[in-house]
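K.L.:
Provided below are the primary sequence and the corresponding predicted coordinates.
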Amino acid sequence: MSLAPGRAAAAILGLTLALVPFAARAEVPVGVRVIKGSRHGPAQVDPRLSDLKRQLSPLAYVRWDQLSERKVVLVHGKTEFVELPGGDTVGVTLEEHRGNVVTLEVALTQRNTQSRVTVQKGQRIVHGVVPEKNGEAVFIVLTGWP
Amino acid sequence: MKACARFRPMIGHRPGELPAGDARELADHLAGCEACRAFAADVEATTGLVAEALLARAAQRDFAPFVDQVMARVEAARAPGVLGWLSARRRALVGLLVPALAALALIVYVLQQDGGTGAALVQVTAEGEATTVIETPDGPIVLLAPEEST
């Protein structure tokens, strides 16, 4: 059974057009966790951070606690603000999204510092947001498509 | 500062690109924020330099013989030959090319969705404070410089 070239063209074009809306999605759900690392105390990782154990292992902190967790849906160019302990905020913006690759901007407003980080689906960004003081530091963990 | 983080990504857009409401709020913010005005000036200066460089490059090109070259190609196309043969079979060629191009588009789309081979793809650029980046298979760790003890 053979298909005429015209019909084959129409079928393939129809399939391609049907997939276009999925390719054009400009929203990315992102899991945002605020965590604290400490050099002091017994070595202990919050059970909610068990998926991060390997990624956090290069750091010198022995105790890890999760302070908050939320899920946001990032829209291109619109900044979502995450509250930090002490009243500071960190802005997270979707800069670019192509397939399974996403570029996020992390802006620490109080420190006038901005980072652009490009990662693939399945990777997590661990970004310092409060520098180490007295052996403790605060980070946010950004997970695309959690 | 919270407002700065919101408006910085809007700075540098071309006129008419931003929704009217955003453009108005950005203008209001720029009127009252010296840091963002300085940032906008930097962006504008960079854009101007790039435009000048492109114009200078274009001006180096001599387009004088362009029309003659085009007319020579048109004359050549009128002669019977391979083009004539292709022209006579245009319908059959379109019937073959369209599905092939559509399939190619699908392959590109699927590869994009795949995101490659799963290897780490990490690019970090930072402005402001110095940062240290540790790359791990699970994703990057961006560290801030420790706070100076007082």
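P.N.:
Great, that's in hand.
K.L.:
in chain B, what secondary structure element scores lowest on mean pLDDT?
P.N.:
Lowest by mean pLDDT, DSSP states H and E among the helices and strands of chain B is strand B:123-127, with a mean of 64.
K.L.:
which stretches of the chain aren't confidently modelled?
P.N.:
Assuming you mean chain A. For chain A, residues meeting the criterion pLDDT under 70 lie at A:1-25.
K.L.:
could you do chain B instead?
P.N.:
In chain B, residues with pLDDT under 70: B:1, B:78-80, B:110-130, B:147-150.
K.L.:
residues contacting A:V126?
P.N.:
Neighbouring residues of A:V126 by C-beta atoms under 8 Å, 6 or more residues apart in numbering or on different chains: A:L52, A:Q55, A:L56, A:F139, A:I140, A:V141, B:G139, B:P140, B:I141, B:V142. Every residue, glycine included, has its C-beta placed from N, CA and C.
K.L.:
what's downstream of the least confident helix or strand of chain B, the next helix or strand?
P.N.:
Beyond strand B:123-127 on the C-terminal side, the first helix or strand identified by DSSP states H and E is strand B:131-136.
K.L.:
Packing partners of that following strand?
P.N.:
For strand B:131-136, the packing partners by 3 or more C-beta pairs under 8 Å, 6 or more residues apart in numbering or on different chains; DSSP states H and E come out as strand B:139-144.
K.L.:
need the strands for chain A, in chain order.
P.N.:
Taking DSSP state E as the test, the strands found in chain A are A:27-38, A:44-45, A:63-75, A:79-83, A:89-98, A:101-108, A:113-120, A:124-133, A:136-144.
K.L.:
quick one: the fourth one near chain B?
P.N.:
Yes - contact of strand A:79-83 with chain B is found when judged by C-beta under 8 Å from any C-beta of the partner chain, involving A:T79, A:F81.
K.L.:
For that strand, buried residues please.
P.N.:
By 16 or more other C-beta atoms under 10 Å in any protein chain shown, the buried positions in strand A:79-83 come out as A:T79, A:E80, A:V82.
K.L.:
tilt between the helix or strand encompassing B:L106 and strand A:89-98?
P.N.:
Here B:L106 sits within helix B:90-114, counting by DSSP H and E. Relative orientation of helix B:90-114 versus strand A:89-98 (axes from the mean of the first three to the mean of the last three C-alpha atoms, to 10 degrees): 150 degrees.
K.L.:
circling back: check the contacts of A:V126 against A:R124 and report the nearest one.
P.N.:
B:G139 (4.2 Å; C-beta to C-beta).
K.L.:
okay, now that closest one: neighbour count?
P.N.:
Neighbours of B:G139 under the rule other C-beta atoms under 10 Å in any protein chain shown: 23.
K.L.:
quick revisit: out of the contacts of A:V126, grab the one that's most surrounded.
P.N.:
A:F139 (25 neighbours).
K.L.:
wait, doesn't it sit right on A:P131?
P.N.:
No - with contact defined as C-beta atoms under 8 Å, A:F139 does not count as touching A:P131 (10.4 Å).
K.L.:
Need the residue closest to the centroid of chain A.
P.N.:
Residue closest to the mean C-alpha point of chain A, counted by C-alpha atoms, centre = their mean, is A:L142 at 2.8 Å.
K.L.:
need the contact list for B:I134.
P.N.:
Contacts for B:I134 (C-beta under 8 Å, 6+ apart) come out as A:P58, A:L59, B:P140, B:I141, B:L143.
K.L.:
again, 7 Å this time
P.N.:
Counting by C-beta atoms under 7 Å, 6 or more residues apart in numbering or on different chains, B:I134 touches A:P58, B:P140, B:I141, B:L143.
K.L.:
what's around the first one, how many residues?
P.N.:
Using other C-beta under 10 Å, A:P58 has 10 neighbouring residues.
K.L.:
Fine by me, thanks again.
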